[in-house]
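Q: the sequence isn't on hand, but the structure is:
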Ligand SMILES: Cc1ncc(COP(=O)(O)O)c(C=O)c1O
């Protein structure tokens with residue numbers, strides 16, 4: 001795709017009056033579901049929409065997945081005007097494909113775009129893009145339990161202008177990647193390295209947004225943690241006190257008498273899975289509290305036997321049990337390093353709804369065919 005090209009439409013074969021589609025001449029073989037690695041295989045097609053101040057959102061279309069042409073001076077490459085979303089499509093036993101909470105992801109992208117000064121995709125662009133791409137590439141939604149099709153809407157500033165000012169034009173695109181269980185299907189709880197030096201985000205910064213900048217800020221610590229045998233990093237706040245997130249997940253602690261998740265303080269990403277877990281816990285009449293929790297309080301609770309379970313929540317893994325927090329060189333084990341009873345229960349409840357084996361009592365699932 002050439003951003004500056006005006007006559008691409010000649011090559012497009014339209015099957016829908018609103019979204020021209022240029023089909024891949026040859027469809028890729030589907031990877032075996034036992035060999036799916038997160039984000040490695042991409043479906044046959046990609047949805048694009050462009051924004052310019054004169055035209056608003058225009059040129060929504062689908063074309064084969066492949067390289068795109070963007071000028072080397074585009075804002076995304078120099079000033080980090082880049083953000084994305086992540087959600088999953090599930091195939092239900094009746095064969096129909098559903099998305100989990102697409103409305104939540106659309107709003108989160110629209111709100112984040114304001115902070116990053118990138119024109120936000122309208123509901124029509126976002127939902128039409130998802131519907132048309134997922135309909136065209138539906139065969140990529142696996143039917144096996146534990147597998148799904150991860151959907152990655154992305155928004156970038158593309159003005160070719162080296163002055164450090166926000167881009168006036170934007171590109172929105174959606175790619176699809178089939179996924180198996182995120183942590184390779186293992187149910188063994190995570191070993192977590194508590195980062196007490198680098199910080200991921202600060203209140204008033206970008207932490208509450210799914211900006212690419214937050215992820216590059218986290219890579220060095222993640223590499224260090226992995227090299228020392230840990231699975232993920234537990235992020236603390238800018239004072240190295242308050243607990244924030246774990247890897248690319250929100251985090252929950254089951255303490256004696258209360259279940260705590262850090263309150264959204266401006267540097268924590270408001271996760272869709274986090275919101276779903278809170279709803280599930282409330283429906284079970286369990287005492288879920290959103291508040292600040294410090295690493296010192298957590299360590300003390302562990303030492304006093306009051307830290308019963310801990311888990312991360314996010315689209316990719318849904319629920320990831322935590323078996324160890326390693327802080328300043330000392331291991332603090334949670335639930336003897338085993339999957340907790342409540343952790344398992346919440347995982348089963350949410351995935352049951354996602355895969356359509358349990359009734360959607362919270363109204364989370366949207367059929368792809370109805371997205372508008
Ligand atoms: C930094 C970060 N925190 C939390 C989450 C969880 O958000 P969600 O449940 O919407 O996937 C994510 C995304 O998966 C993330 O990247």
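A: Ah, there it is. The shown structure was predicted, so the numbers you read here are calculated from the model rather than taken from an experiment. Residues are numbered from 1 along each chain as shown.

Q: near the nearest residue to residue 200 once chain neighbours are set aside, how many other residues are there?
A: Nearest non-adjacent residue to residue 200, counting by Cβ to Cβ, 6 or more residues apart in numbering: residue 235, 4.5 Å away. Quick note: C-beta positions are derived from backbone N, CA and C, even for glycine. Residues lying near residue 235 (other Cβ atoms under 10 Å) number 26.

Q: in the longest helix along the chain, which residues are buried?
A: Criterion DSSP state H: the longest helix present in the chain is helix 212-227. Residues 212-214, 217-218, 221-222, 225 are the ones in helix 212-227 that count as buried (16 or more other Cβ atoms under 10 Å).

Q: so what's the residue nearest to residue 200 bridging to?
A: When assigned by DSSP bridges, residue 235 has beta-bridge partners residue 245.

Q: does it touch residue 244 like I think?
A: Yes. The pair residue 235 / residue 244 is scored as a contact, 4.5 Å apart, by Cβ atoms under 8 Å.

Q: what's the overlap in contacts for these two?
A: Common neighbours of residue 235 and residue 244, counting by Cβ atoms under 8 Å, 6 or more residues apart in numbering, are 200-201.

Q: is it true that residue 86 touches residue 271?
A: No. Judged on Cβ under 8 Å, residue 86 makes no contact with residue 271 at a distance of 9.9 Å.

Q: quickly list what's touching both of those two.
A: Listed as contacting both residue 86 and residue 271 by Cβ under 8 Å, 6+ apart are residue 315.

Q: measure residue 252 to the ligand for me?
A: Here the distance between residue 252 and the ligand works out to 12 Å (Cβ to the nearest ligand atom, to the nearest Å).

Q: how about the secondary structure of that residue?
A: Put simply, residue 252 is strand when judged by DSSP: H, G, I helix; E, B strand; the rest coil.

Q: hey, what's it bridged with?
A: Assigned bridge partners for residue 252, using DSSP bridges, are residue 311.

Q: list of residues touching the one helix or strand residue 49 maps to?
A: For residue 49, the host element (DSSP states H and E) is strand 45-52. Here strand 45-52 makes contact (Cβ under 8 Å, 6+ apart) with 1, 3, 19, 21, 23-24, 57-66, 68, 119, 121, 125, 129-130, 132-133, 136-137, 168-175.

Q: 6 Å instead?
A: Contacts to strand 45-52, defined as Cβ atoms under 6 Å, 6 or more residues apart in numbering, come from residues 57-62, 64-65, 119, 125, 129, 133, 136-137, 169-175.

Q: give me every residue that touches residue 211.
A: Neighbours of residue 211 in contact, by Cβ under 6 Å, 6+ apart: 83, 116.
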